[in-house]
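Engineer: Everything below, folded, please.
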Amino acid sequence: MSGKRTHLTTIDAVLFDMDGTLVNSDAAVERAWMAWAGEFSVDPAAVLAIAHGTSALHTIRQLLPQADAATVAAAAARQLALQYDDLADVVALRGAEELLGLLRRCGLPWAVVTGADAPLAKARLSAAGIRAPVLLTVDDVTAGKPDPEGYLLAARQLGVNIARCLVVEDAEAGVAAGRAAGAMVAALKGVPADLAIQDLGDLARQLPGLAEVVR
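Structural biologist: I've put the predicted structure just below:
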């Protein structure tokens, strides 16, 4: 296994995924997909196996490969509608307050890049008590994760080189998007990435120093 020692102090911006990374919404996401699967007669296990980390539109295209564009769009709209009001147990993930506070103190810019649409993203971030200075949703891109478009656009809006950005993710599709964009990627939940982190507090403790990164 080869490694590369990287100075995290050379990072110019941090780009976060939202669900499962900044915001604990896993239960709400699963409830919505289970309800959607029942309405559309799709195997719930098949849905949950691929739904995490990508947009509803991207997921439904895979689940309903024979459906036309209008049917897919309507199914995606229904899936999102099931999520809008389900915010009861949506909270910030452990370490989020510590990490975002550190970024503010250091003057390090950050953004959220999510496969949710704008109303859902704003609702979940608000429920978690998080105000993102830059928020990019599925409404802002032509292709969702694993396509790198969202992360590239976030870097441009922040005025930083994507190669000097740290992407923080919790799903393989998001890690693939960050890597394809040319960023360094940290991942939660044991997902393979350049930097493995236990939680966001773990990343906050590593940012001032050095990390051994496997590429």
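Engineer: Spell out the residue ranges of the helices in the chain.
Structural biologist: Assigned by DSSP state H, the chain shows helices spanning 26-39, 44-51, 56-63, 69-84, 96-106, 118-127, 149-158, 172-181, 200-206.
Engineer: With mean neighbour count and mean pLDDT added, can I get the ones you listed in CSV?
Structural biologist: For every residue, glycine as well, the C-beta is placed using N, CA and C. Formatted as CSV, the helices of the chain follow (neighbours: other Cβ atoms under 10 Å; pLDDT from 0 to 100):
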stretch, mean neighbour count, mean pLDDT
helix 26-39, 17, 91
helix 44-51, 14, 89
helix 56-63, 21, 91
helix 69-84, 16, 92
helix 96-106, 16, 92
helix 118-127, 19, 95
helix 149-158, 21, 98
helix 172-181, 23, 96
helix 200-206, 18, 92
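Engineer: Of those helices, give the one that comes closest to residue 18.
Structural biologist: For the helices of the chain, proximity to residue 18 was assessed by Cβ to Cβ; helix 118-127 is nearest, at 6.1 Å.
Engineer: Report the distance from that closest one to the chain centre.
Structural biologist: 13 Å (Cα atoms, centre = their mean, to the nearest Å).
Engineer: what sits up against it?
Structural biologist: By Cβ atoms under 8 Å, 6 or more residues apart in numbering, the residues outside helix 118-127 that reach it are 18-19, 22-23, 25, 28, 80, 83-84, 87, 90-91, 112, 114, 116, 131-132, 135, 137, 139.
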